[in-house]
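J.: fold the following and give me the result.
(one chain, ligands or ions: 2)
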Amino acid sequence: MIKTYLISISGQVQGVGFRPYVYSLATEFSLLGEVSNNENGVIIILTGIQKNIQQLYQKLINFPPPVSKIKQHSILEIELKEFQDFSIVPSNKNGQLNLPLTPDFAICDDCKNDIENKENKRFNYPFTTCVNCGPRYAITQTFPFERNHTSINEFPMCKSCLNEYSNPANRRFHSQTNTCATCGIQLTLVNNFNEEVEIENSELFNKIADLLSKGNIIAIKNTSGYLLCCNAEDIKAIQKLRDKKHRPNKPFAVLYPSLEMLKNEVELNEKQLKSLKSSERPINIISLKNYTGNIALHQVAPRLNQLGVMLPYTGILQLLANEINFPIVATSGNIHGSPIISKNEEALEKLSNVANYFLQHNLKIEYPQDDSVLKFSQKFNQEILFRRSRGYVPNYLKVEIDSQEKIMAMGAHLKSTIAFYPNENLYVSQYIGNLDSFDVYNRFVQTSNAFTSIFEQQPEVVLVDKHPLYQSTQYGKELAKKTNSKLIEIQHHKAHFTAILGEYNLFHEKVLGVVFDGTGYGDDSNVWGGEFLNYENNSIERIGQIENFDWLLGDKMSKEPRVSLFALASEEMKPIIEEKFTSSEIKNYTYLKSQNKLKTSSVGRLFDAVASLLNITDYNSYEGEAAILLENNISAYNLKNCRKYTSATSQGFSGIEIIKNIHKDLLKGEQLSFIISNFLYTLACAILEFAQSKNYTKITLSGGVFQNSTLVDMLIELKPKGINLYFHKDLSPNDENISFGQLMYYLHIKN
Ligand SMILES: [Zn+2]
Ligand SMILES: [Zn+2]
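T.: Ligands and ions are numbered 1, 2, ... in the order given. Got it, this is the predicted structure:
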């Protein structure tokens, strides 16, 4: 019996080869009809034998294209429609976007083979892509995902590309990003005076490799933004990059030319291998234990026993990788604290002092993104996302929201992101950066504007952090006024808590929220950062904290760990304080401390104080440096030998006592590694003791402190039976999750 059915699919289904795949299935099952993209996803109309239609549907749902993600699907019989054939119908925009935007995909193995194969038409062409790979979000102008809605549209396909595009048997059948050397994107190498280096295309990457080997710094325009690159084994080049970028200590990521070389130099486990080769292809922070390579580690990752590594994820990086036999530093193209640069003129203007050469191209990048960063904890392989950007953004697919309101959440300040709920989907922007920078603030405003324009929706509710001085709060207030929206302020740590409650949908449970971070504006106007929060029945209450200590000298406190030590130190530590401060500083700060009314419960500052007390660092040159150095000073630990520096009470625990007892161990001459292990062990025990004393069975852990993978491992190891721990999985534990948390708070919390 011949019938007609309508199949609707939503999710990450555009720009992922869905329509050509449906075409091949229709041929396989001898069905007629059409497939198109629309504002909701993919629509398929099929006419033919009912059994065949059902078979096609089952195969499509169970074995979708590799980089697609189906969220919803339905099949419905409709009035019989006759077709002559099966066709892919180009889609027009006829409604408001209501589907996920497709993220960028790393180059696939087939395309990698094409660009490396001398016989292939695409040999040496860096912008080779197919339905399974290439830039998507980075080049999106509007939707549905069609070539004429992206910046690739400026490169009309040549006859040969058009043939591939129209041939159902070709891998590039209906590949929207299809180009080749004849019709496609052009690379140009210029020096820092913007003078073109005359060179044959076939020699280009060889030339760049040569320049890198001679110590040059090269700004390379990738498909998601500029990268600054130099030879990772060249001490002088890296030091020059540090000086020019105003980045004295913050570690650089390293791009390895091949997995083989990486495997020869470090040990990788299965999870790391899978992540490094994934279509998201993030930077993985790996341990340098047993490292055997020649990277100038002291310059690349000063004082650290870990390194951020990645593999080539675009044709440009792959072709370069094929010409080099050394790893290269590949760091976001910007000056310290600014957003990643994506425009040729801006790169020349801002980086000509840093880079000797610029590898430019003429594809416009609509959404510049940094590389994403993650780490697997050493013992239990717990995945910890440090930065969610290229490959992951902007969709957040794993949450069901049932609200008619259009909601925009403006996030925090230091690691800002924006979350937007304009339709039936939730979008969480890429990491934007620290809003203290004017350029980052501009990028933040652009991101907010881009969201409202691409989805053609203005917010009706704007959510901001309670901190009155956050740039994101101030912008949110203006936005609410301009759009006549409801404005809601949400406490920072409560937003952290609801972020993780939202990731696991724990809103029907009673949960202990542990939120440890640097700083956040508290409900009592103090600086919070070491919080125990109770969630039940759509209500959050602060039930414990680390004992308040003095918040001194404003921002200086988070930049100078010695100031945290000053705040937490007791009388016996006088000799140490006298070494770290001048006598007039001591006089002034002692007076300030005696008059001070602003208190803090920040665990971040407790880490700083420990780092200063142990003489690891007195000044942070980047956010979280003291905490990272602390973790890096642990050689190995055995929980059976660890000792606690304090215990939890029903109110929380005391940082002052921890510092006092660490000082005692220091005087006894205990090893640094032992003391730091004890410190982390103390925190892990305090969390579990607090939870057990109040009979919690579910503990969520959020806040930047939980980027500490040793603390995470210890918690997992110490966790008694019957207690469940929840760590962030699709978002970072740091302030990047605040925008999502604000949204969850608004939707679920009633007090
Ligand atoms: Zn491909
Ligand atoms: Zn072409």
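J.: the closest residue to residue 21 other than its chain neighbours: neighbour count?
T.: Leaving aside its sequence neighbours, residue 21 sits nearest to residue 65 (Cβ to Cβ, 6 or more residues apart in numbering; 4.9 Å). From N, CA and C alone the C-beta is placed, and that goes for glycine too. Neighbour count of residue 65, defined by other Cβ atoms under 10 Å: 19.
J.: residue 636 now?
T.: 8.
J.: what about the stretch 1-150 of the chain, any weak spots by pLDDT?
T.: Within the stretch 1-150 of the chain, no range satisfies pLDDT under 70.
J.: thinking again about what came up before, and the residue nearest to residue 21, what does it touch?
T.: Each residue near residue 65 by Cβ atoms under 8 Å, 6 or more residues apart in numbering is listed here: 16-18, 21, 131-132.
J.: if we check ligand 1, which of these are in contact?
T.: Restricting the contacts of residue 65 to those adjacent to ligand 1 (criterion: Cβ under 5 Å from the ion) gives residue 132.
J.: farthest pair in the contacts of residue 65?
T.: 18 and 132 (11.2 Å; Cβ to Cβ).
J.: the two: which is more packed in?
T.: Neighbour count, other Cβ under 10 Å: between residue 18 and residue 132, residue 18 has more, with 27 against 21.
J.: for the closest residue to the more buried one other than its chain neighbours, name its beta-bridge partners.
T.: Leaving aside its chain neighbours, residue 18 sits nearest to residue 42 (5.2 Å; criterion: Cβ to Cβ, 6+ apart). Following DSSP bridges, residue 42 is listed with bridge partners residue 9, residue 37.
J.: what number of residues are in the vicinity of residue 42?
T.: 27.
J.: can you give me the strands for the stretch 601-750 of the chain?
T.: Using DSSP state E, counting those that start in this stretch, the strands of the stretch 601-750 of the chain run over residues 652-653, 698-702, 724-727.
J.: what's the second one in contact with?
T.: Outside strand 698-702, the residues within contact range by Cβ under 8 Å, 6+ apart are 496-497, 499-501, 504, 506, 509-516, 687-688, 691, 712, 715, 723-728, 733, 737, 741.
J.: wait, residue 86 sits on residue 29?
T.: No. The pair residue 86 / residue 29 is not scored as a contact, 9.9 Å apart, by Cβ atoms under 8 Å.
J.: looking at the two, which is more packed in?
T.: residue 86 (24 against 19).
J.: for the more buried one, which non-adjacent residue is closest in space?
T.: Leaving aside its chain neighbours, residue 86 sits nearest to residue 26 (4.1 Å; criterion: Cβ to Cβ, 6+ apart).
J.: how is that neighbour assigned, secondary-structure-wise?
T.: Put simply, residue 26 is helix when judged by DSSP: H, G, I helix; E, B strand; the rest coil.
J.: tell me the contacts of it?
T.: By Cβ under 8 Å, 6+ apart, residue 26 lies in contact with 32-33, 35, 46, 56, 86.
J.: tell me which of those residues is nearest to ligand 2?
T.: Nearest to ligand 2, judged by Cβ to the ion, of those is residue 35 at 24.5 Å.
J.: for that closest one, give me the backbone phi and psi.
T.: phi -130, psi 140 (degrees, to the nearest 10).
J.: count the neighbours of it for me.
T.: Neighbours around residue 35, by other Cβ under 10 Å: 25.
J.: quick one: it and residue 88 touch, right?
T.: Yes. Using Cβ under 8 Å, residue 35 is in contact with residue 88, at 5.6 Å.
J.: circling back to that earlier point, can you redo the contacts of residue 26 as TSV with secondary structure and distance to residue 653?
T.: Converted to TSV, those look like this (DSSP: H, G, I helix; E, B strand; the rest coil; distance: Cβ to Cβ, whole Å):
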residue	secondary structure	distance to residue 653
32	strand	70
33	strand	65
35	strand	60
46	strand	63
56	helix	60
86	strand	67
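J.: from these, which is closest to ligand 1?
T.: Nearest to ligand 1 among those, with distances taken as Cβ to the ion, is residue 35, at 20.8 Å.
J.: any idea how far stretch 286-298 is from the chain center?
T.: Relative to its parent chain, stretch 286-298 has a centroid offset of 24 Å by Cα atoms, centre = their mean, to the nearest Å.
J.: oh, that last question was meant for stretch 355-366, not what I typed.
T.: That offset, for stretch 355-366, works out to 23 Å (Cα atoms, centre = their mean).
J.: what is the burial count for the closest residue to residue 727 other than its chain neighbours?
T.: Nearest non-adjacent residue to residue 727, counting by Cβ to Cβ, 6+ apart: residue 701, 5.6 Å away. By the criterion of other Cβ under 10 Å, residue 701 has 22 neighbours.
J.: please name the bridge partners of residue 701.
T.: Where residue 701 sits in a bridge, its partners, by DSSP bridges, are residue 514, residue 727.
J.: residue 284 too?
T.: residue 309, residue 374.
J.: and it, what does it touch?
T.: Shown in contact with residue 284 (Cβ under 8 Å, 6+ apart): 272, 275-276, 308-310, 374-376.
J.: how close does residue 456 get to residue 145?
T.: Distance, residue 456 to residue 145, by Cβ to Cβ, to the nearest Å: 16 Å.
J.: measure the residue nearest to residue 326 when sequence neighbours are not counted to residue 322 for me?
T.: Ranked by Cβ to Cβ, 6+ apart and with sequence neighbours excluded, the top spatial neighbour of residue 326 is residue 233, at 5.1 Å. Distance of residue 233 to residue 322, given as Cβ to Cβ: 18 Å.
J.: the more surrounded of these two?
T.: Between residue 233 and residue 322, residue 233 has the larger neighbour count (other Cβ under 10 Å), namely 20 against 17.
J.: where's the more buried one relative to ligand 1, distance?
T.: Separation of residue 233 from ligand 1 (Cβ to the ion, to the nearest Å) stands at 31 Å.
J.: same check on residue 14?
T.: Residue 14 is 16 Å from ligand 1, by Cβ to the ion.
J.: ok, the closest residue to that residue other than its chain neighbours - contacts?
T.: Nearest non-adjacent residue to residue 14, counting by Cβ to Cβ, 6+ apart: residue 145, 3.7 Å away. Counting by Cβ under 8 Å, 6+ apart, residue 145 makes contact with 14-15, 37, 102, 136, 176.
J.: can I get those in a markdown table with neighbour count and distance to residue 578?
T.: Formatted as a markdown table, those follow (neighbours: other Cβ atoms under 10 Å; distance: Cβ to Cβ, whole Å):
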| residue | neighbour count | distance to residue 578 |
| --- | --- | --- |
| 14 | 26 | 65 |
| 15 | 31 | 63 |
| 37 | 26 | 70 |
| 102 | 23 | 59 |
| 136 | 24 | 58 |
| 176 | 26 | 67 |
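J.: quick one on the thing from earlier: ok, the contacts of residue 26 vs residue 228, which is closest?
T.: residue 35 (43.0 Å).
J.: quick one: stretch 298-314 to chain centroid distance?
T.: 16 Å.
J.: and the end-to-end length of that stretch?
T.: From its first residue to its last, stretch 298-314 covers 28 Å (Cα to Cα, to the nearest Å).
J.: for the residue in the stretch 401-550 of the chain that ligand 2 sits nearest to, give me its contacts.
T.: Nearest residue of the stretch 401-550 of the chain to ligand 2: residue 454, at 28.1 Å (Cβ to the ion). Residue 454 makes contact with 97, 101, 140, 142-143 under the criterion Cβ under 8 Å, 6+ apart.
J.: which one of these is nearest ligand 2?
T.: Nearest to ligand 2 out of those is residue 140 (Cβ to the ion; 21.3 Å).
J.: what's across from that closest one in the sheet?
T.: residue 150.
J.: my read is that it contacts residue 364, right?
T.: No. Shown here, residue 140 and residue 364 do not form a contact pair, counting by Cβ under 8 Å, at 11.1 Å.
J.: for those two, indicate the residue with more neighbours.
T.: The neighbour comparison of residue 140 against residue 364 (other Cβ under 10 Å) goes to residue 140, with 22 against 16.
J.: what sits against the more buried one?
T.: Per Cβ under 8 Å, 6+ apart, neighbours of residue 140: 101-102, 149-150, 366-367, 454.
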